[in-house]
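S.K.: Predicted structure and sequence below. I'll ask about it afterward.
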Amino acid sequence: MSGLVTFLTAIRCCRSAVSALVSPVFCGGDDCVCWSILRDHPTVIKRRFTSVLIVSGLSPLFVWTWREFTSVRTGPSLLALMGIRFEGLIPAIIFPLVLTMVLFLGPLMQLAMDCPWSFMDGIRVAFDPWFWMLCFSDMRWLRNQVVAPLTEELVFRACMLPMLVPCAGPSIAIFTCPLFFGVAHFHHVIELLRFRQGTLSGIFLSAVFQFSYTAVFGAYTAFIFIRTGHLMGPVLCHSFCNYMGFPAISTALEHPQRLTVLSSYLLGVILFLLFLFPFTDPSYYGLPTPVCTLTSSPSSLCLS
């Protein structure tokens with residue numbers, strides 16, 4: 001019975017965390033300025049930034065509450081359980097991001113072929129401080145590349161997985177956590193309906209696709225979090241995927257160098273599957289990873 005109580009408490013805390021994170025999106029009712037203009041308007045973005053950052057900053061309270069009201073006792077500190085630690089930090093920054101870039105080998109190849117810049121032009125831009133100043137002054141860029149990856153990974157991975165792993169096990173937790181992540185993105189559907197951006201069937205199909213895509217992505221970053229025990233890897237992967245977007249497979253099929261592009265897509269998937277476990281070997285990040293210490297019988301996901 002204590003295991004059931006622990007699980008139910010974890011689910012309630014996860015649900016509360018989702019509600020707390022998503023509620024700022026709805027601002028305050030039908031008369032709120034957030035509902036009168038589109039989500040990409042700077043006023044909407046700034047207002048949501050403030051609310052979401054406050055809620056995310058308080059997210060450790062959900063883990064603390066779960067720990068206090070259950071029988072689970074943790075050796076690592078609260079911050080370590082949430083993937084905020086120094087041990088193995090450098091590999092946690094490099095390996096998961098490289099692994100994700102390998103998966104996107106096809107889109108990256110396509111982008112390189114279609115880009116009018118030379119390689120050296122890209123290097124010069126990457127080291128140009130004015131370029132980064134422009135990026136950080138763009139509210140949409142800040143939202144997509146910094147705030148959304150940081151706050152969502154903090155809540156949906158660092159906050160939820162330590163609560164789900166002890167009662168569900170690492171494997172089940174990886175596929176349970178993304179369900180909250182997918183549901184949390186349904187507010188985009190409400191906005192599409194409110195501003196009548198598309199047909200009802202088109203919006204429904206978009207909602208199904210977005211839920212599926214975010215759930216799969218959530219499972220991937222949950223896997224990285226459990227294997228590495230670090231928050232930084234999922235955050236960087238999230239930011240990279242937000243920048244790349246969903247692979248434009250239809251465009252690849254019509255590309256002038258279709259064979260090269262499609263071969264890159266296939267090679268990227270094969271290399272990703274080959275490198276998935278080696279690049280996330282827990283021994284690189286400090287074995288055992290903190291979240292894996294919460295269960296007495298860790299699965300192979302927690303072992304090198």
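M.R.: Alright, I've got the coordinates.

S.K.: what's next to the helix or strand harbouring Pro91, contact-wise?
M.R.: For Pro91, the host element (DSSP states H and E) is helix 89-103. Contacts of helix 89-103 with the rest of the structure, by CB atoms under 8 Å, 6 or more residues apart in numbering, involve 108, 224, 228-230, 232-234, 236-237, 240-241, 268-269, 271-272, 275-276, 279-280, 284-285. The way it works is simple: take the backbone N, C-alpha and C, and place the C-beta from them, glycine included.

S.K.: Now intersect those residues with the helices, please.
M.R.: Residues of these located in helices (DSSP state H): 108, 224, 228, 232-234, 236-237, 240-241, 268-269, 271-272, 275-276, 279.

S.K.: what pLDDT does Gly218 get?
M.R.: At Gly218, the pLDDT value in this model is 90.

S.K.: nearest spatial neighbour of it, skipping sequence neighbours?
M.R.: Nearest residue to Gly218 in three dimensions, chain neighbours excluded: Pro178, at 2.9 Å (CB to CB, 6 or more residues apart in numbering).

S.K.: Secondary structure element holding the one you found?
M.R.: In this assignment (DSSP H and E), Pro178 forms part of helix 170-184.

S.K.: before we move on, the earlier item: so which bits of the helix holding Pro91 are buried?
M.R.: Across helix 89-103, burial judged by 16 or more other CB atoms under 10 Å covers 89, 91-92, 95-97, 99-103.

S.K.: Look up how far Thr65 lies from the closest residue to Leu301 other than its chain neighbours.
M.R.: Nearest non-adjacent residue to Leu301, counting by CB to CB, 6+ apart: Pro170, 4.5 Å away. Shown here: Pro170 relative to Thr65, a distance of 22 Å by CB to CB, to the nearest Å.

S.K.: Looking at these two, which has the bigger crowd around it?
M.R.: More neighbours surround Pro170 than the other of Pro170 and Thr65, with 24 against 15 (other CB atoms under 10 Å).

S.K.: Wait, the more buried one touches Ile226, no?
M.R.: Yes. If you go by CB atoms under 8 Å, Pro170 and Ile226 touch, sitting 5.2 Å apart.

S.K.: what's the overlap in contacts for the two?
M.R.: Taking CB under 8 Å, 6+ apart as the contact rule, Pro170 and Ile226 both touch 291-292, 301-302.

S.K.: hmm, which two among the residues you listed are most spread apart?
M.R.: Greatest spatial distance in these: Val291 and Leu301, 10.2 Å, computed using CB to CB.

S.K.: Give me the more crowded residue out of these two.
M.R.: Shown here are Val291 and Leu301; by other CB under 10 Å, Val291 has more neighbours (30 against 19).

S.K.: ok, that one - contacts?
M.R.: By CB under 8 Å, 6+ apart, the contact set of Val291 is 81, 83, 161-162, 165, 170, 225-226, 229.

S.K.: Next one: it relative to Leu89, how far apart?
M.R.: Noted for Val291: a distance of 16 Å to Leu89, by CB to CB.
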